[in-house]
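Visitor: Provided below are the primary sequence and the corresponding predicted coordinates.
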Amino acid sequence: MNTTTTPHRQDDRIRIFDTTLRDGEQSPGCSMSPAQKLVMARALDELGVDIIETGFPASSQSDREAMAMIARELRRPTLAVLSRCLQADIETSLTALQGAANPRLHLFLSTSPLHREHKLRMSREQVLESVHRHVSMARQQLDDVEFSAEDATRTEEDFLADVVRVAIAAGATTINLPDTVGFTTPEEIRGMFARLIARVEGADKVIFSTHCHNDLGLAVANSLAAIEGGARQVECSINGIGERAGNCALEEVAMTLRVRNAFYNMGTAINTPRIVSTSQLLQRLVGMPVQRNKAIVGANAFAHESGIHQHGMLRHRGTYEIMRPQDVGWPDTQMVLGRHSGRAAVEARLRALGYWLDEEELKLVFERFKALCEQQRVVEDDDLQSMMQDGVQAD
Ligand code: KIV
Ligand code: ZN
């Protein structure tokens, strides 16, 4: 079987299923109050996500309150809640979804041998029976039901195909195949989606979804590969927060699909200039800043310090930038002046501050600048101003 063959194309729109408020909130130190979830949900709505997973109502009163507050206000996006395959959970979740304009019940059950044996203590037959029973039960009450085969990427493929077949026959409208422990690789997950979609009858009637964890740092790459295999929904979170090393980062997958549109030829509805403000809001709400070199939303994502790069950027921004900072919500590119910067960048910064120097003057200032860089990491505008006021500039 050729694992890289793309199966039938469902359509070319990628639905963004944001799980910042559920899987994201499960990451250590990231819990949010109902009021904080509402603030975040409003920002996610403005960002244009298709589906917001608001929480796991059966697990806490706080999640039930959050869902009620969000449902009262947000009428555009689909609102989803997570539920185990248990009648009591389903009933609690359906109650929590009451009042939502576009409700979705997200059911999950583990399918891998490790989980079946040690966590569920269930046979394959029992798993299939539970999927059928609980998906049917949910579908009797709701049109939009997602089923997730937890730990799908470590499940025997023949059995996974049976699970998917049963879930579709019972009425699931979205089938999610999570890489729960961040174990898979791009080649592997692409093949898994492609083969399953090709072999399961009824696969063309549902949306296949990917949900990748980042334990090996592959969550975004694996999600993109799943899209190549036929997934049309990506489950992700702002800043990639989530259990352990996190989930696929929404901002990274959305910008890859945009920047490399000629390759993927598929888009999302994400209003990308809202990305940075949404990321910063989450950082403040949960008190977890992203690292400076985080793609898209880190402080260094559009900052250039080395002389060669700054010189290139001054000639043509495309030399070292593949997207405009404004496209994701940064005000502009940052030219950081420091030990690695060259004369061209210092001159450009001085001109921006109103100083137009001749060759001799610039040579002098640049020597002073280099000396200052021995004492401090970054030379700010204020440092340049005082340098000029201290008489470096010829009268
Ligand atoms: O990682 C996972 O498998 C999950 C499911 C519950 C969707 O979060
Ligand atoms: Zn998860």
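Guide: Yes, it's here. Residues are numbered from 1 along each chain as shown. Ligands and ions are numbered 1, 2, ... in the order given.
Visitor: Mind jotting down where the strands sit in the protein?
Guide: 15-18, 51-55, 78-84, 103-110, 145-150, 174-179, 207-212, 233-236, 303-304, 334-335, 337-338, 378-379 (DSSP state E).
Visitor: So in that sheet, which strands flank the fourth one, and in what orientation?
Guide: Take DSSP bridges as the rule and strand 103-110 pairs in its sheet with strand 78-84 (parallel), strand 145-150 (parallel).
Visitor: Check which residues of it are buried.
Guide: The neighbour-count check on strand 103-110 (16 or more other C-beta atoms under 10 Å) flags 103-110 as buried. C-beta here means a position set from N, CA and C on the backbone, and glycine is covered the same way.
Visitor: residue contacts, the residue most central in space within the chain?
Guide: The residue lying closest to the centre of the chain (C-alpha atoms, centre = their mean) is residue 250, at 1.8 Å. The contact partners of residue 250, by C-beta atoms under 8 Å, 6 or more residues apart in numbering, come to 16, 18, 20, 49, 236-238, 240, 270.
Visitor: Go through the residues you listed and name the one nearest ligand 1.
Guide: Nearest to ligand 1 out of the contacts of residue 250 is residue 237 (C-beta to the nearest ligand atom; 10.5 Å).
Visitor: Am I right that the closest one is in contact with residue 30?
Guide: No: taking C-beta atoms under 8 Å as the definition, residue 237 is not a contact partner of residue 30, at 9.6 Å.
Visitor: who does the closest residue to ligand 1 within the stretch 201-350 of the chain bridge with?
Guide: Distance from ligand 1 to each residue of the stretch 201-350 of the chain (C-beta to the nearest ligand atom) is smallest for residue 211, at 5.1 Å. Assessed by DSSP bridges, residue 211 has beta-bridge partners residue 178, residue 235.
Visitor: For it, give its distance to residue 13.
Guide: 18 Å (C-beta to C-beta, to the nearest Å).
Visitor: Looking at these two, which one has more neighbours?
Guide: Higher neighbour count among residue 211 and residue 13: residue 211, with 28 against 14, using other C-beta atoms under 10 Å.
Visitor: what residues are up against the more buried one?
Guide: 19, 23, 148, 176-180, 235, 247-248.
Visitor: same thing but at 6 Å, please
Guide: 176, 178, 235 (C-beta atoms under 6 Å, 6 or more residues apart in numbering).
Visitor: cool, residue 323 as well?
Guide: Taking C-beta under 6 Å, 6+ apart, we find residue 323 in contact with residue 259.
Visitor: Let me know the pLDDT of it.
Guide: Note on residue 323: pLDDT of 98.
Visitor: circling back: which of the buried residues of strand 103-110 come close to ligand 1?
Guide: residue 108 (C-beta under 6 Å from any ligand atom).
Visitor: Can I get the buried residues of strand 103-110 in a markdown table including distance to residue 55?
Guide: Below are these laid out as a markdown table (distance: C-beta to C-beta, whole Å):
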| residue | distance to residue 55 |
| --- | --- |
| 103 | 13 |
| 104 | 13 |
| 105 | 13 |
| 106 | 11 |
| 107 | 15 |
| 108 | 14 |
| 109 | 19 |
| 110 | 20 |
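Visitor: Using CSV, lay out the buried residues of strand 103-110 together with pLDDT.
Guide: Listed next are those as CSV, based on pLDDT from 0 to 100:
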residue, pLDDT
103, 98
104, 98
105, 98
106, 98
107, 98
108, 98
109, 98
110, 98
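Visitor: And the contacts of residue 211, which is closest to residue 255?
Guide: residue 235 (17.0 Å; C-beta to C-beta).
Visitor: Spatially nearest residue to residue 203 (excluding sequence neighbours)?
Guide: Distance criterion C-beta to C-beta, 6 or more residues apart in numbering; nearest residue to residue 203, sequence neighbours excluded, is residue 197 at 4.7 Å.
Visitor: For the one you found, grab the count of nearby residues.
Guide: Residues near residue 197, counting by other C-beta under 10 Å: 21.
Visitor: heads up, I number from 38, so please use that
Guide: New numbering, starting at 38: the last item is residue 234.
Visitor: measure it to ligand 1 for me?
Guide: Distance of residue 234 to ligand 1, computed by C-beta to the nearest ligand atom, to the nearest Å: 19 Å.
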